[in-house]
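1. Build me a structure from this.
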Amino acid sequence: QLVESGGGLVQPGGSLTLSCVTSGFTGSRRTMGWFRQDPDKGREFVAGINWRSGNTYYPDSVKGRFTVSRDNAKDTLYLQMNTLKPEDTAIYFCAVSSMHLISTATASYEYWGQGTRVTVSS
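-> Here you go, the predicted model:
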């Protein structure tokens, strides 16, 4: 099970931290990702992390602004988002993959949360 939280309304230039509490994935979770989707676009990869090593990967669109992290003890994934822009407005999803390498493809992720909405607007 994956449960996201932390979304909301924020002004341009502001920050938000999303959380994704996970359960039932011990041993099968190798990488996790954050994706976002708005009504006009497909689901877009925004961050990934190898759960064991902590290695991360970001696309250029968010690099330097978004930071993904995990708390092993709490089984929780985070996405710290800074310097938010109106184009960051979307529903954000966390997802679990059994792959060792971080993938940007939605098909690589077997389990998904229900999403949390982020709106960046003045």
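2. Just want the most central residue of the chain.
-> The C-alpha lying nearest the average C-alpha coordinate of the chain belongs to Trp34 (CA atoms, centre = their mean; 2.2 Å).
3. Tell me who's in contact with it.
-> 18, 20, 45-48, 66, 68, 77, 79, 92-95 (CB atoms under 8 Å, 6 or more residues apart in numbering). C-beta coordinates here come from the backbone N, C-alpha and C atoms, glycine included.
4. Glu110: which of these is nearest?
-> Of all the contacts of Trp34, Ala95 has the smallest distance to Glu110: 7.9 Å, by CB to CB.
5. wait, is the closest one part of a strand?
-> Yes - applying DSSP: H, G, I helix; E, B strand; the rest coil, one finds Ala95 inside a strand.
6. That one contacts Arg36, correct?
-> No - contact criterion CB atoms under 8 Å: Ala95 and Arg36 do not qualify, at 11.3 Å.
7. count of neighbours near the closest residue to Leu79 other than its chain neighbours?
-> Of all residues not flanking Leu79 in the chain, Leu18 sits nearest, at 4.3 Å (CB to CB, 6 or more residues apart in numbering). A count of nearby residues for Leu18, using other CB atoms under 10 Å, gives 25.
8. and Leu18, what is it in contact with?
-> Contacts of Leu18 were listed using CB under 8 Å, 6+ apart, and they are 4-7, 34, 78-79, 81, 92, 94, 116, 118.
9. Separate out the buried members of those residues.
-> Burial by neighbour count, 16 or more other CB atoms under 10 Å: within those this picks out 4, 6-7, 34, 78-79, 81, 92, 94, 116, 118.
10. got the residue ranges for the strands in the protein?
-> With DSSP state E, the ranges of strands along the chain come out as 2-5, 8-10, 16-22, 31-37, 44-50, 56-57, 66-71, 76-81, 90-97, 111-112, 116-120.
11. Can you point out the buried residues in the third one?
-> If you call a residue buried by 16+ other CB under 10 Å, then strand 16-22 has these buried ones: 16, 18-22.
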